[in-house]
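*Asks:* Fold the stuff below for me.
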Amino acid sequence: MTWNFHGPDHEDAVSFIRSFCVDYTTWNNGALAVSHGLSGERARAAIQEASLAYSRFLAPFLAPATKPQLIAFGTNSSFDPSRIRIVAVENTSTGWNVKFSVKNSHLEFDDDYVADVEKSTGGKLVLTQIWYLDPFPEAGQERLAYL
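*Replies:* Model (predicted):
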């Protein structure tokens, strides 16, 4: 499969997050397509292909120290840009926290996230983490790493 990622838009923190969401959705939909209906060794090969594509997609977005988790994809992309609403952009000492909501594709609520965006030493924007804001935290854990 051909994975057509556009890469980051470094204009500002909001454009950067929107470009991340576009490429995330491209990756999600591609991962779903290459793995659909497969089992056994063919399914394992498809997951490997999706994992490699995930690494390629993330590379220009992530800060070098950011270590992504295992891949997860589904019929509806978690970061479908058509369902995203930017809530706030807060300045931090190292960059910005971009708060955004994603309308759930099947239910009547939004999932809330915060993206930590910084400027790299080369002046480009990088993502250090996207946090899912858990509305029902256990043991006080309100932010869950998403990447």
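
*Asks:* Just the buried positions in the longest helix belonging to the chain, please.
*Replies:* The longest helix of the chain (DSSP state H) is helix 13-35. By neighbour count, and taking 16 or more other Cβ atoms under 10 Å as the criterion, the buried residues in helix 13-35 are 13-14, 16-28, 30-32, 34-35. No exception for glycine: its C-beta is placed from N, CA and C like everyone else's.

*Asks:* now for it, which elements pack on it?
*Replies:* Applying 3 or more Cβ pairs under 8 Å, 6 or more residues apart in numbering; DSSP states H and E, one finds that helix 13-35 contacts helix 40-58, strand 84-91, strand 95-103, strand 110-119, strand 125-133.

*Asks:* As TSV, these with mean neighbour count, distance to N4 and mean pLDDT would be great.
*Replies:* Conversion of the helices and strands packed on helix 13-35 to TSV gives the following (neighbours: other Cβ atoms under 10 Å; distance: least, Cβ to Cβ, whole Å; pLDDT from 0 to 100):
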stretch	mean neighbour count	distance to N4	mean pLDDT
helix 40-58	15	10	95
strand 84-91	13	20	97
strand 95-103	19	22	97
strand 110-119	19	23	96
strand 125-133	19	20	96
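
*Asks:* I'd like these laid out as a markdown table, including distance to F5.
*Replies:* Supplementary listing: these in a markdown table, determined by distance: least, Cβ to Cβ, whole Å:
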| stretch | distance to F5 |
| --- | --- |
| helix 40-58 | 5 |
| strand 84-91 | 18 |
| strand 95-103 | 20 |
| strand 110-119 | 18 |
| strand 125-133 | 14 |
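
*Asks:* if we can go back for a sec, for the longest helix of the chain, give me every contacting residue.
*Replies:* Counting by Cβ atoms under 8 Å, 6 or more residues apart in numbering, helix 13-35 makes contact with 1, 3-10, 43, 46-47, 49-50, 53-54, 57, 61, 71, 73-75, 77-81, 84, 86, 89, 95-96, 98, 100, 115, 117, 125, 127, all of which sit outside it.
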